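A.B. asks: Any chance you could fold what I've pasted below:
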Amino acid sequence: MPQGERSKVTVHVSRSGEVTLAGRPLFVGDADALIARIGRLLPADEVYSIVTPNVDQTIGIEHDSALHVAYDEAELRIADGTPLVVLARMLGAHGLQRLTGADLLPIAAEMASRRGWRIALTGGAPSVAELAAQHLRDQYGADVVAIPFPKIADVGDAESAQVIADLHEAMADIVFVCLGSPKQDVWVSHWREKLPPGVYVGAGAAVDFVAGTKRRAPVVVQKIGAEWLFRMAQEPRRLAGRYLVRGPHFLNVVARSFAHRKDRP
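C.D. replies: Numbering: from 1, shown residues only. Sure, this is the predicted structure:
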């Protein structure tokens, strides 16, 4: 399938245990295994992107060509969506876990303090990235810098040039881009040729959670797969459409995935 081509999205589990979404492999393993995998990419000599598909992204890949390209060219794809993980397990997957950018950020900061990595945070409301960076520096002793990100209407806006210049100056090993999905992934894809080498993680509200400006769902709510409901209660105007209007279209992905199950090699 050519890069960026739109197609009907399915989840597929091969007999060897590989899990694919839209024809691309999902990372199988826990957070420690993911950090180890990222560590093998460092020091980076090119741009590596990590995307975190959830239900909304899974649906979006089918209809948004820019998101599809960003998804295709990612180095790693980690499942950030309980329905996605449950579907894969029902299809026979073992070892696939829900991992989010919010989970990854503090773990990466802790490892960065041991390995000498530099982390950059960008995105979020004004001053939030700096507040999050300060919290991570205080808690883990990590080398974390904040890069201001202007409000942009489109990923191609010229205001991004200053962000890119700041990233070149920061020389970070790992960059957490917290613009929300799909903007963060499409932004990295759009500016890939201009960005400095590093691992770029689409991390959504991770800076808000670390900074304390937004409250993450309690662990028990996360474990039962209801974090989406907690977040929608916090931001109904922004998230109701995502979860209540687009979310049910995931049932089409479920149906197609089971229909194609008999064809797995």
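A.B. asks: where does Ala120 land in three-state SS?
C.D. replies: Classification of Ala120 using DSSP: H, G, I helix; E, B strand; the rest coil returns strand.
A.B. asks: correct me, but it touches Val175?
C.D. replies: Yes - using Cβ atoms under 8 Å, Ala120 is in contact with Val175, at 4.6 Å. Quick note: C-beta positions are derived from backbone N, CA and C, even for glycine.
A.B. asks: overlap in contacts of the two?
C.D. replies: Counting by Cβ atoms under 8 Å, 6 or more residues apart in numbering, the common neighbours of Ala120 and Val175 are Ile147, Leu167, Gly198.
A.B. asks: Considering those, which possesses the most neighbours?
C.D. replies: The most crowded member of those, judged by other Cβ atoms under 10 Å, is Gly198 (26 neighbours).
A.B. asks: tell me the contacts of it?
C.D. replies: Gly198 is in contact with Ala44, Val47, Tyr48, Ala120, Leu167, Ala172, Asp173, Ile174, Val175, counting by Cβ under 8 Å, 6+ apart.
A.B. asks: Just these: which are in strands?
C.D. replies: Among the contacts of Gly198, the residues falling in strands (DSSP state E) are Val47, Tyr48, Ala120, Ile174, Val175.
A.B. asks: can you redo those as CSV with neighbour count, pLDDT and distance to Ala112?
C.D. replies: As requested, the ones in strands among the contacts of Gly198 are arranged in CSV below (neighbours: other Cβ atoms under 10 Å; pLDDT from 0 to 100; distance: Cβ to Cβ, whole Å):
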residue, neighbour count, pLDDT, distance to Ala112
Val47, 20, 99, 19
Tyr48, 20, 99, 16
Ala120, 24, 99, 11
Ile174, 28, 99, 7
Val175, 26, 99, 12
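A.B. asks: Between which two of the residues you listed is the distance greatest?
C.D. replies: Maximum pairwise distance in these, criterion Cβ to Cβ, is 14.2 Å, between Tyr48 and Ala120.
A.B. asks: on that earlier part again, which of the ones in strands among the contacts of Gly198 sits closest to Ile107?
C.D. replies: Ile174 (11.0 Å).
A.B. asks: Show me what the helix or strand harbouring Ala88 is packed against.
C.D. replies: Here Ala88, judged by DSSP states H and E, is contained in helix 82-90. Contact analysis of helix 82-90 by 3 or more Cβ pairs under 8 Å, 6 or more residues apart in numbering; DSSP states H and E lists strand 11-13, helix 55-63, helix 250-259 as its packing neighbours.
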